[in-house]
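**Q** Sequence first, then the predicted structure, then my questions.
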Amino acid sequence: LEIDIKTGNILAMIGSVKYGEDNLLNRCLSRRQISSTLKPFLYAQAFEDGICTPDTVFTDRPVRMENSDGTPWEPKNFYPYYIGDVKAGNALSLSINTVSVQLIDKVGVSRMAKRARTVFSMPRSGIGSRIHAEPSLALGSIDLTPLELAKGYLTIASFGEERIPRCMLSVKTKSGKVLMQAASENNPDRIF
């Protein structure tokens, strides 16, 4: 998937390896767990809320939270050790799980779930039913299509202004009559 960050226009998209057989863009429609690709959005929310700055120090240490059903959740880092004190900006660049969990606890799990629904929502995507307010959201436990994830990163690239990826600008007849015209995005919403 390649998107022009200035316009939101989709420039290229790779579909199914058997496109002639199933005529679907399976790779753009199938969902995958997004894992740590969610972390920049969590940090952006924490920065926006004034919870921390890139220079705020957190401690990479064991953490524990409760799931919505009351069961304990004790996530670990990818690596089998903790590094101690670390600045938030470095924790993001190192993708430290325990710091992300501390951040979602401060931001609020429900608030972050609501923000994720806004950031990744595409028209008619039904995303609201797929993003649950669970602490594991801090580690990207949601499943998104590549297009939904690209929409989120397009928002970051647009300095917080929401951009909806577009694959068609217009449909015209041979004679040039416009049958469909994509809506222009003159006043995008500010997400961050």
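**A** Good, I have the coordinates.
**Q** element containing the residue lying farthest from the centre of the chain, please.
**A** Of all residues in the chain, Ser175 has its C-alpha farthest from the mean position, at 41.2 Å, by C-alpha atoms, centre = their mean. For Ser175, there is no helix or strand it lies in under DSSP states H and E.
**Q** low-confidence ranges in this structure?
**A** Applying pLDDT under 70 to the chain picks out residues 15-28, 184-186.
**Q** where do the helices sit along this protein?
**A** 19-22, 26-29, 39-48, 88-93, 97-107, 109-120, 146-157 (DSSP state H).
**Q** isn't Arg190 right up against Glu162?
**A** Yes: using C-beta atoms under 8 Å, Arg190 is in contact with Glu162, at 7.4 Å. Just so you know, the C-beta spots here come from the backbone N, C-alpha and C atoms, and that holds for glycine as well.
**Q** Of those two, which one has the most company?
**A** Using other C-beta atoms under 10 Å as the criterion, Arg190 and Glu162 rank with Glu162 on top: 19 against 11.
**Q** Give me the neighbour count for the residue lying closest to the more buried one once chain neighbours are set aside.
**A** Spatial nearest neighbour of Glu162, chain neighbours left out: Asp189 (4.5 Å); criterion: C-beta to C-beta, 6 or more residues apart in numbering. Residues near Asp189, counting by other C-beta under 10 Å, number 12.
**Q** Quick check: Asp189 touching Gly160?
**A** No: look at Asp189 against Gly160 with C-beta under 8 Å: they stay out of range, at 9.5 Å.
**Q** Please convert the helices of the chain to a markdown table, extending it with distance to Arg166 and mean neighbour count.
**A** Shown next, in a markdown table, are these (distance: least, C-beta to C-beta, whole Å; neighbours: other C-beta atoms under 10 Å):
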| stretch | distance to Arg166 | mean neighbour count |
| --- | --- | --- |
| helix 19-22 | 21 | 9 |
| helix 26-29 | 13 | 15 |
| helix 39-48 | 22 | 20 |
| helix 88-93 | 30 | 19 |
| helix 97-107 | 31 | 22 |
| helix 109-120 | 16 | 20 |
| helix 146-157 | 11 | 20 |
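**Q** Can you check which of these gets nearest to Gly8?
**A** Gly8 lies closest to helix 146-157 among the helices of the chain, at 6.1 Å (C-beta to C-beta).
**Q** same for that closest one, what does it pack against?
**A** Applying 3 or more C-beta pairs under 8 Å, 6 or more residues apart in numbering; DSSP states H and E, we find helix 146-157 packed against helix 26-29, helix 39-48, helix 109-120.
**Q** Pretty sure Pro62 sits against Tyr81.
**A** No: with contact defined as C-beta under 8 Å, Pro62 does not reach Tyr81; the gap is 11.0 Å.
**Q** what's in contact with stretch 176-183?
**A** The contact list for stretch 176-183 (C-beta atoms under 8 Å, 6 or more residues apart in numbering) reads 166, 168-173.
**Q** From these, list the buried ones, please.
**A** Arg166 (16 or more other C-beta atoms under 10 Å).
**Q** Just put the contacts of stretch 176-183 in JSON lines and tack on distance to Ser110.
**A** As requested, those are exported to JSON lines (distance: C-beta to C-beta, whole Å):
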{"residue": "Arg166", "distance to Ser110": "31"}
{"residue": "Met168", "distance to Ser110": "36"}
{"residue": "Leu169", "distance to Ser110": "38"}
{"residue": "Ser170", "distance to Ser110": "40"}
{"residue": "Val171", "distance to Ser110": "41"}
{"residue": "Lys172", "distance to Ser110": "46"}
{"residue": "Thr173", "distance to Ser110": "49"}
